[in-house]
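> pasting the structure only:
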């Protein structure tokens with residue numbers, strides 16, 4: 001696969017270290033790029049086949065920019081896999097609820113059952129959701 005890993009500017013060096021440390025596992029190409037939620041994504045077009053999100057639901061101020069970026073990045077055939085740890089402390093449950101409520105305006109969601117998760121890494125508090133753009 002040709003993969004683009006993204007994060008904020010200040011984490012690009014860490015992404016490059018991780019790419020270098022794992023290059024022996026890669027059979028395609030991996031590049032690191034800055035992606036700031038809510039900003040222009042034209043350099044990431046055409047829409048990718050897959051978007052993998054891990055632990056991106058954590059503070060309320062990020063929800064709208066994250067959703068805008070997802071909407072701008074995805075095409076009708078893009079599969080988004082969202083993995084997150086369900087946290088029960090503080091505002092986290094409310095933030096998760098709001099995220100999935102807002103997400104359902106433009107996307108269809110399918111929760112992946114726990115028995116379909118990798119046996120070695122599955123956990124009751126780790127959730128995986130398959131997300132697709134709603135057909136218009």
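Received, thanks. These numbers were taken from a predicted model, which means no experiment stands behind them. Numbering: from 1, shown residues only.
> lowest-pLDDT helix or strand in the chain?
Sorting the helices and strands of the chain by mean pLDDT, DSSP states H and E puts helix 92-103 at the bottom, at a mean of 90.
> Give me the angle between the next helix or strand after that one and helix 92-103.
The helix or strand immediately downstream of helix 92-103 is strand 107-111, counting by DSSP states H and E. With axes from the mean of the first three to the mean of the last three CA atoms, to 10 degrees as the basis, strand 107-111 and helix 92-103 are set at 130 degrees to each other.
> Could you pull out the buried residues of strand 107-111?
residue 107 (16 or more other CB atoms under 10 Å). Quick note: C-beta positions are derived from backbone N, CA and C, even for glycine.
> before we move on, the earlier item: list the buried residues for the least confident helix or strand of the chain?
92, 95-96, 99-100, 103.
> Out of these, flag the one nearest to residue 116.
Ranked by distance to residue 116 (CB to CB), the buried residues of helix 92-103 are led by residue 100 at 19.1 Å.
> would you list the buried residues of helix 92-103 in JSON lines and tack on distance to residue 121?
Supplementary listing: those in JSON lines, determined by distance: CB to CB, whole Å:
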{"residue": "92", "distance to residue 121": "21"}
{"residue": "95", "distance to residue 121": "24"}
{"residue": "96", "distance to residue 121": "20"}
{"residue": "99", "distance to residue 121": "22"}
{"residue": "100", "distance to residue 121": "22"}
{"residue": "103", "distance to residue 121": "24"}
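> Kindly indicate which of these lies nearest residue 43.
residue 103 (23.9 Å).
> And the closest one, how close does it get to residue 21?
Separation of residue 103 from residue 21 (CB to CB, to the nearest Å) stands at 33 Å.
> for residue 32, same thing?
For residue 32, the distance to residue 21 - CB to CB - is 13 Å.
> Looking at these two now, which is surrounded by more residues?
Between residue 32 and residue 21, counting by other CB atoms under 10 Å, residue 32 is the more crowded of the two (19 against 9).
> ok, now which ones touch that one?
Neighbouring residues of residue 32 by CB atoms under 8 Å, 6 or more residues apart in numbering: 4-7, 12, 15-16, 19.
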